[in-house]
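# Using only what follows, build the 3D model:
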Amino acid sequence: MMTDPQNPQPGQPYPGQPQPGQPYGQQPPPGQPYGQQPQYAPGPYGAPPAYQAPIQPPKKKKKWPWIVGILVVLIVIIAAVSGGGDDSSDNTASSGGSNSGDQAGSGTDNGDEKTDEQAAGLNTPVRDGKFEFVVKNVEAGLSSVGDNQFLTEEAQGQFVIVTMTVSNTSKEPKSFSPSDQKLFDTEGRSFEPDTSAQISLGAGDIPVWDNINPGNTVEVKVVYDMPTDAKPASIELHDSMFSDGVKVNLG
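Numbering: from 1, shown residues only. Got it, this is the predicted structure:
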């Protein structure tokens with residue numbers, strides 16, 4: 001006997017009527033078999049991509065401080081190698097050993113004067129590194145130097161001028177700077193050259209710095225600004241700022 005789906009028999013639920021034990025709202029739609037959940041297809045569009053911050057390019061480190069530092073170290077090493085790399089025998093008087101003792105003795109007349117009895121004296125060749133020095137003269141008590149009114153330098157105390165010759169005994173050009181030469185007074189105090197006064201003086205072959213070719217000899221005047229009551233006792237001559245130096249008595 002055929003059953004009309006629109007007029008079910010007594011005891012048979014109508015289509016779409018909730019089944020016993022099944023919560024309301026979870027009934028299958030018309031035409032969907034009982035006991036099966038509806039199938040849903042995913043949407044046509046995927047989930048939006050997550051936001052990503054733009055990638056910053058890595059910062060470039062500055063290289064020029066390292067380059068400058070390396071250049072400075074190389075310059076110092078080259079100057080040290082070219083400066084005081086000679087035997088200690090070069091830092092002695094080349095002749096006139098007996099005269100050195102006479103000069104040193106003459107510098108100890110006053111009780112307050114301090115000189116080195118082993119050092120050479122005036123007009124005695126001495127060597128340090130690749131240079132041979134001969135100290136010719138010492139002039140003290142100058143209040144100013146320079147003949148040009150625009151290049152006149154006034155002393156804080158007194159100017160002392162030490163005149164010397166410098167010879168290059170090597171086989172290649174060698175740089176020389178008067179600023180490397182130190183003056184000592186009778187109290188043992190050391191003095192550095194006054195570069196401005198040397199430029200104003202205008203005398204001498206090398207006022208500040210220059211190269212001396214092999215075999216050449218130049219005359220240099222080194223100017224020091226000392227107290228008015230100071231007495232020059234000795235000078236320490238250097239091939240370069242890194243050399244040991246050789247002392248000459250000025251008394």
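# measure Gln181 to Asp225 for me?
Distance, Gln181 to Asp225, using Cβ to Cβ, to the nearest Å: 14 Å. C-beta coordinates here come from the backbone N, C-alpha and C atoms, glycine included.
# residue boundaries of the strands in the protein?
For the chain, applying DSSP state E gives strands covering 126-128, 131-145, 153-168, 174-176, 182-185, 190-191, 210-212, 217-226, 232-237, 246-249.
# Give me the contacts around stretch 191-198.
Contact partners of stretch 191-198, identified using Cβ atoms under 8 Å, 6 or more residues apart in numbering, comprise 145-146, 153, 155, 159, 178-179, 181-185, 204, 207-208, 221-226.
# Can you pull the poorly scored residue ranges out of this protein?
For the chain, applying pLDDT under 70 flags the ranges 1-66, 68, 76, 79-117.
# ok, 50 please
84-89, 95-113 (pLDDT under 50).
# ok, how many other residues are close to Lys174?
If you count neighbours by other Cβ atoms under 10 Å, Lys174 ends up with 21.
# Between the strands of the chain, which one is closest to Ser200.
Closest approach to Ser200 among those is made by strand 153-168 (4.1 Å; Cβ to Cβ).
# relative to strand 217-226, how tilted is the closest one?
Following axes from the mean of the first three to the mean of the last three Cα atoms, to 10 degrees, one obtains 150 degrees for the angle between strand 153-168 and strand 217-226.
# Summarise which helices and strands strand 153-168 is packed against.
Of the remaining helices and strands, those touching strand 153-168 by 3 or more Cβ pairs under 8 Å, 6 or more residues apart in numbering; DSSP states H and E are strand 131-145, helix 195-201, strand 210-212, strand 217-226, strand 232-237.
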